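1. Mind looking at a prediction? Sequence and model below.
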Amino acid sequence: MLDGLLIPAVLFFALGMLAHLVRSDLKFPELAKGLAIYLLLGIGLHGGMELAKADLGAAIEAVAAAFALGILLPLIAYVILRWVGHMDTLNSAAIAAHYGSVSAGTFLTALAFLETKNITYETYPVIMLAIMESPAIIIGLLLAKLTRPRDGAADANGNGQTVAKLVHEAFTNGSVILLFGGIAVGAFALPDGLQKMMPFYDGIFMGVLSLFLLEMGMEAAKRIGEFRRMGVFLVGFGILMPLIGAVFGLVTGHHLLGFSPGGTMLVATLAASASYIAVPSAMRLAIPEANPSFYLTLALGVTFPFNVVVGIPLYWEASLWLAR
Amino acid sequence: MLDGLLIPAVLFFALGMLAHLVRSDLKFPELAKGLAIYLLLGIGLHGGMELAKADLGAAIEAVAAAFALGILLPLIAYVILRWVGHMDTLNSAAIAAHYGSVSAGTFLTALAFLETKNITYETYPVIMLAIMESPAIIIGLLLAKLTRPRDGAADANGNGQTVAKLVHEAFTNGSVILLFGGIAVGAFALPDGLQKMMPFYDGIFMGVLSLFLLEMGMEAAKRIGEFRRMGVFLVGFGILMPLIGAVFGLVTGHHLLGFSPGGTMLVATLAASASYIAVPSAMRLAIPEANPSFYLTLALGVTFPFNVVVGIPLYWEASLWLAR
Amino acid sequence: MLDGLLIPAVLFFALGMLAHLVRSDLKFPELAKGLAIYLLLGIGLHGGMELAKADLGAAIEAVAAAFALGILLPLIAYVILRWVGHMDTLNSAAIAAHYGSVSAGTFLTALAFLETKNITYETYPVIMLAIMESPAIIIGLLLAKLTRPRDGAADANGNGQTVAKLVHEAFTNGSVILLFGGIAVGAFALPDGLQKMMPFYDGIFMGVLSLFLLEMGMEAAKRIGEFRRMGVFLVGFGILMPLIGAVFGLVTGHHLLGFSPGGTMLVATLAASASYIAVPSAMRLAIPEANPSFYLTLALGVTFPFNVVVGIPLYWEASLWLAR
Amino acid sequence: MKAVKKVEVVVESVAVPQVLALLDRHGFSSYTMIPGVYGKGDRGESLGGVSGEFNNSYMVIVCDAEQVSGLVELIRPVLKRFGGVSLVSDALWVKH
Amino acid sequence: MKAVKKVEVVVESVAVPQVLALLDRHGFSSYTMIPGVYGKGDRGESLGGVSGEFNNSYMVIVCDAEQVSGLVELIRPVLKRFGGVSLVSDALWVKH
Amino acid sequence: MKAVKKVEVVVESVAVPQVLALLDRHGFSSYTMIPGVYGKGDRGESLGGVSGEFNNSYMVIVCDAEQVSGLVELIRPVLKRFGGVSLVSDALWVKH
Ligand SMILES: Nc1ncnc2c1ncn2[C@@H]1O[C@H](COP(=O)(O)O)[C@@H](O)[C@H]1O
Ligand SMILES: Nc1ncnc2c1ncn2[C@@H]1O[C@H](COP(=O)(O)O)[C@@H](O)[C@H]1O
Ligand SMILES: Nc1ncnc2c1ncn2[C@@H]1O[C@H](COP(=O)(O)O)[C@@H](O)[C@H]1O
Ligand code: NA
Ligand code: NA
Ligand code: NA
């Protein structure tokens, strides 16, 4: 188990947290944006190349499963927040959307875990990653729409976001474009041309990921100061919800999709992870009344570190156990 | 022919255009600047290393041909703009300068085309690329100088740029420095040291190019909205002029320089391409009266996509045909 | 000797200086920050991986030697500045701190020199690099504290930096975190995981360094204009002090630590180099009365180019001579 | 030089496209915008966020005195939704 | 709209954390800050530096008229130590 | 505190070196400059450009009341050539 912590990717994350905790002046937000773009494209490309060789039927099953998880998980999260945590409707909707969506950084850390241990895995989870970015945004939006008191002023001034606009945004945000774009290029481009690009997208991938996780560690640690203000329930939710998600993911991966332990663990990680890039911006626009420090702190400060340090090794053990 | 579209570099460009057209929030201008610097240095280095082994006589011929093209092409463009399009002198001069100069991004896409298809090519076009950055700027400047009504106010206030200043700028802008600098280092540095650097400048080159073209796709698409304002003549010019340039390039490459089809196609691409980095800034300063949205839209929104998608495969077919 | 100038790393530095001297518009400060982060992590990682196999006793000796140099050298620099140059106490203290600390860029250029010539070297100097970042900051601070006239106003307003704060900063600035963090990850992470990251941190390292040195050349050249204002003594100091440092480094490396010529040259380079990233910020805060253009010009405009162009080949010859 | 009003708005970057569209619809099509601005106010500190989405932008719109109240009424609901600050001050416009 | 004072401060970026802490300690917890600003003044040009440490930041603090002299007294010693510029001007605050 | 004039200029970044040289020649050697600014005006939107050359910069020059008309006359022809905006307003300078 401790072994899981000596994955370089995890150590870089820890180093980032440390850097912030000792109040180092280290920071590189601009660079991190570039790294994220590279990583999303790279994972997409890699997935697309594998998919070109894959089985269409199995791919469609994976897509359907991803949609189902993306719709189901935010609803579960919403119920817990509303009826267990007695949270107001708009904050509940905004937080729920984050947990239905996914975190590419967490997914890649799981990939680094498998690579370090030389474990094989299916490539369908890459498509699932791309698919799961969007539906939860729409669910969160609908939950907010249904429960929000009619806001005359906003509508009159034309400030209110229409549903159509936000659905559009859910499917055209940068992460979705990069993931689907990468998959499409990987699947359709001439193999010889792809081969020439692979030293960039494949060879240095794990190293670039480590640098990204260093920055993520700093971002996560920044939010720790907010824990006090959030209260015990919310912090607990940030740990419980990924576990619930993981259970759904494990069942989906192992029983419904029939994946190997490696692939099953990846699906569990997707389900357990919470978005911290695409969904926060979308929710800030769609539900400005919700408190961004709640959802950012949860996704980035609680759930992301939990998954990286504890969750991923745990989901791996569970996948192994299921496969016995 | 459709094959030419499945070059990954081209697909990335298309993905960028798509991202803008669906109004995605994706953008990374800062990153793109860094990528451009890397690409210019890398192409220079690569060229320099090959040149160290090359034939001086042939190199001098290539340099002379590049100068000739860089002087001739903007004159042709100017004549077309003035007498066919009835455009005013200053806008004509500014646009003409762009078409006499070159686009490293287009050149690299042509290189990616050849690499994907495993076609060999001469390295002299890399020097031609470096040479052709500058002369057209000076031609554009002279055309403007000769035709501009005496602007007393500007001169009196010392705001007018002197010719000397702009000639200096034509030869010291970033692209020129990086290209010639790369060539010089590649030609003179100790081979063992160069070898240690090559995994960076060679191994990941095509991958970095793909990321750059993604950004270029977004930049190109941004300009499409301007087409209406430009009118049919100018958009037509943006497609016709590269074809004219390509004919001159084909003749130069095949007949004058005696290059293989690969090398001939590269010369055609240079002649067909229009600058969108160095020349726009230079023209903005030298001919502020000209409308930047004309030349930026033409170079970036019309000619660049045309060359990437249609031109390069076409010039390749033409080079093959010439070589028969 | 001229051979030492044809190291690509050195040529890139020269290209950067040239770019500034011809007043090119080339610049990429944002990119350079990212490159520095990568280089510090990479050198740390590499060192850590080697150290995992190394001898603890020898490592401790190297650490002790690094501390000793970091304390001794700024004191020597201070004495020269005060009693030979008749410089005021605060400027003397600030400059001295720079020369006790180290420049990772210079160290890496020395590494590139050895790599280009395929010379082997010990890895302990990497730890020494990490160690030597900090002590000189504290020595500089103490020198300033002891000699500064009591500044009532600053203290009353709470603007005065406490010693504790600056000691903290000396040990938590970005470079220190990245170097030590890299060493720790390199030493403790699972080897299989590290192996997956190495194409990034190892394969493209020398290439990234070349791009960083290009930027450094531009930064160094920017400061040349300040030479006139600094006077002959200070410029002379910027050349003499590295030579003094190098002598101490050569003795330490060869006699005290028993290193090979490669390792000895690296220790000499550390001792000869002056910090231009971590220490300037620290001194600006701790000794705001000192003139930043003095210490920045010296470290970046005089000593860095001197070491890169003349110093490193010289220290190498001296190491060889000692080893005879 | 002509007397004008300078309206400054600090608002979250995520809301900027919406603000610009709103202004444009009401005839305020000229503006200057500084991205990547940080700040702290009633709703806490702008932390930046992994992809910088939670920083602010600083907008300046120069307009005539008679337009200013219309402009302010457009901006007010945005500030109500997203927080932020808006200031109005006097300036002289250099004609050219 | 309410009459307020706008205090602008241009100071080296390296001093910003210190300035913010100082303001915070004295009850000025709201501010807007533009990083990465260049400039030239009595002490020469801000050159940027390899890792950008020698550039300036542009801070804006909006406060009430009666707070302004207290604020200015806090900033003055910082300007004395690090150089920089501070301006005070009038504005109207758009209430929301 | 001393009464001064604050002159703000928004101009294309490509013209900034020229403006600074011009100011310097006429004795205005102090300034503050914010790079990477976007905007829209009579001549359309600043699109950024592949290497950022078509964005704006925001310059602030603080000077004495009697200097302001000289400064404005320097800036006017630049605005005529390149477009842009310049504002003059009153402020109090915090002496240090
Ligand atoms: N008093 C103030 N002075 C300057 N900027 C302010 C002030 N209050 C708020 N801001 C800016 O407006 C943003 C949002 O403020 P708020 O809605 O109060 O959280 C902050 O992040 C600051 O950039
Ligand atoms: N007259 C001025 N107008 C605008 N900005 C100024 C002026 N004087 C100083 N500054 C700014 O304040 C910084 C520090 O000024 P100084 O302490 O005078 O060197 C400069 O880098 C400028 O950004
Ligand atoms: N009314 C205005 N308010 C604020 N900024 C303006 C205004 N008009 C022009 N600008 C700025 O000045 C730049 C050039 O304007 P123009 O020359 O009118 O195209 C624009 O990109 C804006 O940044
Ligand atoms: Na999830
Ligand atoms: Na051309
Ligand atoms: Na030293």
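-> Happy to help now that I have it. Ligands and ions are numbered 1, 2, ... in the order given.
2. helix, strand or coil for A:Thr252?
-> Under DSSP: H, G, I helix; E, B strand; the rest coil, A:Thr252 falls in the helix class.
3. what pLDDT does it get?
-> At A:Thr252, the pLDDT value in this model is 98.
4. so what's it up against?
-> Neighbour list for A:Thr252: A:65, A:68-69, A:267, A:271 [criterion: CB atoms under 8 Å, 6 or more residues apart in numbering or on different chains]. C-beta: built from backbone N, CA, C; applies to glycine.
5. A:Pro242: which of those residues is nearest?
-> Top of the list for closeness to A:Pro242, among those and by CB to CB, is A:Ala271 at 8.2 Å.
6. wouldn't that closest one be in contact with A:Ala246 here?
-> Yes. Taking contacts as CB atoms under 8 Å, A:Ala271 lies within contact range of A:Ala246: 6.0 Å.
7. which one of these two has more residues nearby?
-> The residue with more neighbours, out of A:Ala271 and A:Ala246 and counting by other CB atoms under 10 Å in any protein chain shown, is A:Ala271; that gives 30 against 26.
8. so how far is A:Pro305 from that one?
-> Taking CB to CB, to the nearest Å as the measure, A:Ala271 falls 18 Å from A:Pro305.
9. Using PDB, write down the CA coordinates of stretch A:179-198.
-> As requested, the backbone C-alpha atoms of stretch A:179-198 are provided in PDB (Å, rounded to 0.1, in the frame of the first residue of the first chain):
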ATOM      1  CA  LEU A 179     -10.100  14.900 -25.700                       C
ATOM      2  CA  PHE A 180     -12.500  14.100 -28.600                       C
ATOM      3  CA  GLY A 181     -10.200  15.900 -31.000                       C
ATOM      4  CA  GLY A 182      -7.200  13.800 -29.900                       C
ATOM      5  CA  ILE A 183      -9.300  10.600 -30.100                       C
ATOM      6  CA  ALA A 184     -10.400  11.500 -33.700                       C
ATOM      7  CA  VAL A 185      -6.900  12.400 -34.900                       C
ATOM      8  CA  GLY A 186      -5.500   9.200 -33.300                       C
ATOM      9  CA  ALA A 187      -8.200   7.100 -34.900                       C
ATOM     10  CA  PHE A 188      -8.200   8.600 -38.400                       C
ATOM     11  CA  ALA A 189      -4.800  10.000 -39.100                       C
ATOM     12  CA  LEU A 190      -2.200   8.200 -41.300                       C
ATOM     13  CA  PRO A 191      -0.300   5.800 -39.000                       C
ATOM     14  CA  ASP A 192       3.100   6.900 -40.400                       C
ATOM     15  CA  GLY A 193       2.400  10.500 -39.500                       C
ATOM     16  CA  LEU A 194       1.200   9.600 -36.000                       C
ATOM     17  CA  GLN A 195       4.400   7.600 -35.500                       C
ATOM     18  CA  LYS A 196       6.500  10.700 -36.200                       C
ATOM     19  CA  MET A 197       4.600  12.600 -33.500                       C
ATOM     20  CA  MET A 198       4.700   9.900 -30.800                       C
END
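10. For it, buried residues please.
-> Buried residues in stretch A:179-198, defined by neighbour count with 16 or more other CB atoms under 10 Å in any protein chain shown: A:179-187, A:189-190, A:193-194, A:196-198.
11. In helices only, show me the residues you listed.
-> Among the buried residues of stretch A:179-198, the subset assigned to helices under DSSP state H consists of A:179-187, A:193-194, A:196-198.
12. List, out of these, those positioned next to chain D.
-> By CB under 8 Å from any CB of the partner chain, no member of these lies near chain D.
13. closest to chain F among the residues you listed?
-> Ranked by distance to chain F (CB to the nearest CB), those are led by A:Gly181 at 19.6 Å.
14. just checking, that closest one touches B:Val22?
-> No. Taking CB under 8 Å as the contact criterion, A:Gly181 and B:Val22 are not neighbours in contact, 10.9 Å apart.
15. hang on, D:Ile61 in a strand?
-> Yes. Secondary structure assignment places D:Ile61 in a strand (three-state DSSP).
16. Is the longest helix belonging to chain D in proximity to ligand 1?
-> If you go by DSSP H, chain D has its longest helix at helix D:68-82. No. With CB under 6 Å from any ligand atom as the threshold, helix D:68-82 lies outside contact range of ligand 1, at a closest distance of 7.3 Å.
17. remind me which residues of chain D are low pLDDT?
-> Counting by pLDDT under 70, chain D has low-confidence residues at D:47-53.
18. hmm, stretch A:274-294 in reach of chain D?
-> Yes. With CB under 8 Å from any CB as the measure, stretch A:274-294 is seen reaching chain D through A:276-277, A:280-281, A:284-285, A:288-289, A:292-293.
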